[in-house]
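S.K.: Quick check, what structure comes out for this input:
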Amino acid sequence: MSDDLHTVAHPRAIYELSHADTQAQAFLEAVSRGRLHHAWLLTGPEGVGKATFAYRAARYLMGHERDAAYGLLGMSPDDADARLITAQSHPDLLVLEREQKDGKTRKNIVVDAVREVGELFSKAPSRSAYRVCIVDAVDDLNINSANALLKILEEPPERGILFLISHSPGKLLATIRSRCRRLGFTAWEDVAVKQFIETRAEVPEDALERLVVMARGSPGKGLRLWAEGALEMDELAEKLLSGTPPSRFDLLPYITLFKTSSAKVDGSQKFAQFIAVLSDRVQDLALSADSAAKARQWSELWSRLNTVVAETEGINLDRGEYFWSIYKLLSDIS
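M.R.: Here you go, the predicted structure:
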């Protein structure tokens, strides 16, 4: 893996987006008819281009130099407003996300952050025709911040546009969903995911094939998994699910890894990564089990794995001990 792949380009820095012409056309028609809805709910699996679309739409509304070479909603990277957006310094754009500029990640998007949206929309645009807020993702709001956002949606500001990104729209408040125009984004075909990854990263063919499977129709997820070294965790999951799993002694280096917290190694991230790939493999086993009893066992384990990361982070459980409990469960099933 090359050094430049340790970070994946943020959606704000991406000017091209395939597989989204239908959504772009719907947005352009709303603009041209003067019926631009104040809130757009962008839904679909994580990593299929929702955030990239939101930034493209924001640049289109706020910038001036159109460039058809970048497709529908295409803007020139040299456009002054587009450059300010990429630099996170445009006065008329506010982005709410859990990850902060200092690299730290909050548990939720808090209510104080949502109140900043109201402050932005209470003022006239500074240099653009619109004031825009992108919430990435609206799923990360807690109950207080969700209610604060609802108040803004109930009293839409003039020339204020919200792009709400959601990976699980069914979990949102129905009152939030009902006040938005929805644009759906679907999973990509495996062939398209493979092409997306191989044109952006030098990945060995065998690793590429596995990444496509792990991506599950999400090109952004596949590229991120490669950049984060997720294949190592996937190989561990495969070994644990094999007929001859590693001994406890051979697994000790992974325990050390999961417990490490340093500037170079984030054990909690690696643990979460491991749980995610193991969960995907266990889900596949549940769906392909040759008996109802086995299917039930794998399904129960899959349900438990879906809560592991939240539990370990929420009450600061020992990730090493949790790993051993999973190891025992896998041994019992197999």
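S.K.: and the residue nearest to the spatial centre of the chain, how far is that from L93?
M.R.: Nearest residue to the geometric centre of the chain (Cα atoms, centre = their mean): E46, 4.4 Å. Going from E46 to L93 by Cβ to Cβ, to the nearest Å gives 22 Å. Where C-beta positions appear, they are placed from N, C-alpha and C, glycine not excepted.
S.K.: returning to what we had before: which residues touch the residue nearest to the centre of the chain?
M.R.: Applying Cβ atoms under 8 Å, 6 or more residues apart in numbering, we find E46 in contact with A137, H167, S218, G220, K221.
S.K.: can you do 10 Å?
M.R.: With contact taken as Cβ atoms under 10 Å, 6 or more residues apart in numbering, E46 is in contact with A137, D139, I165, S166, H167, S168, R216, S218, G220, K221, R224.
S.K.: next one: R12
M.R.: Applying Cβ under 10 Å, 6+ apart, the residues contacting R12 are 51-52, 54-56, 58-59, 82, 85-88, 90, 93, 95, 134, 136.
S.K.: now with 8 Å?
M.R.: Counting by Cβ under 8 Å, 6+ apart, R12 makes contact with Y55, I85, T86, Q88, V95.
S.K.: What's the mean pLDDT across stretch 321-334?
M.R.: What stretch 321-334 shows for mean pLDDT is 88.
S.K.: I'd like the distance from that stretch to the chain centre, please.
M.R.: From the chain centre to the centre of stretch 321-334 is a distance of 29 Å (Cα atoms, centre = their mean, to the nearest Å).
S.K.: in that stretch, what's buried?
M.R.: Using 16 or more other Cβ atoms under 10 Å as the test for burial, stretch 321-334 gives Y322, F323, I326, L329, L330.
S.K.: so which helix or strand takes in the third one?
M.R.: Remark: I326 resides in helix 319-333, with elements defined by DSSP states H and E.
S.K.: For the residue lying closest to V309 once chain neighbours are set aside, grab phi and psi.
M.R.: In this structure, V309 finds its nearest non-sequential neighbour in A272, 4.8 Å apart by Cβ to Cβ, 6 or more residues apart in numbering. Dihedral angles of A272 (phi, psi; degrees, to the nearest 10) stand at phi -60, psi -40.
S.K.: what do you get for R179?
M.R.: Per degrees, to the nearest 10, the backbone of R179 is at phi -100, psi 10.
S.K.: residues in contact with it?
M.R.: A39, L150, L153, E154.
S.K.: how near is D250 to L236?
M.R.: Counting by Cβ to Cβ, the gap from D250 to L236 is 10 Å.
S.K.: repeat for A230
M.R.: On the measure of Cβ to Cβ, A230 and L236 end up 10 Å apart.
S.K.: Can you show me the helices along the stretch 151-300 of the chain?
M.R.: For the stretch 151-300 of the chain, the helices defined by DSSP state H, counting those that start in this stretch cover 174-178, 190-198, 205-215, 219-227, 230-240, 248-259, 267-288, 292-314.
S.K.: This protein - how does it break down into domains?
M.R.: Annotated domains of the chain cover 3-184, 229-333 [automatic domain parsing].
S.K.: quick one: which of those is nearest I197?
M.R.: domain 3-184 (10.6 Å; Cβ to Cβ).
S.K.: Quick one: mean pLDDT for that closest one?
M.R.: Here the average pLDDT along domain 3-184 is 91.
S.K.: count of neighbours near V31?
M.R.: 13 (other Cβ atoms under 10 Å).
S.K.: In a helix, it, correct?
M.R.: Yes - under DSSP: H, G, I helix; E, B strand; the rest coil, V31 falls within a helix.
S.K.: G314 versus that one, what's the distance?
M.R.: As judged by Cβ to Cβ, V31 and G314 stand 43 Å apart.
S.K.: before we move on, what about A146?
M.R.: 19 Å.
S.K.: okay, these two: which has more neighbours?
M.R.: A direct count of neighbours by other Cβ under 10 Å for A146 and G314 places A146 higher, at 20 against 10.
S.K.: Now that one. Nearest residue, chain neighbours left out?
M.R.: Per Cβ to Cβ, 6+ apart, closest to A146 is L173, 5.6 Å.
S.K.: List the contacts of that neighbour.
M.R.: So L173 contacts A146, N147, L150 (Cβ under 8 Å, 6+ apart).
S.K.: Can you tell me which of the residues you listed comes closest to K294?
M.R.: Nearest to K294 among the contacts of L173 is A146, at 39.6 Å by Cβ to Cβ.
S.K.: Helix, strand, or coil at that closest one?
M.R.: helix.
S.K.: V132 contacts R159, doesn't it?
M.R.: No - counting by Cβ atoms under 8 Å, V132 stays clear of R159, with 9.5 Å between them.
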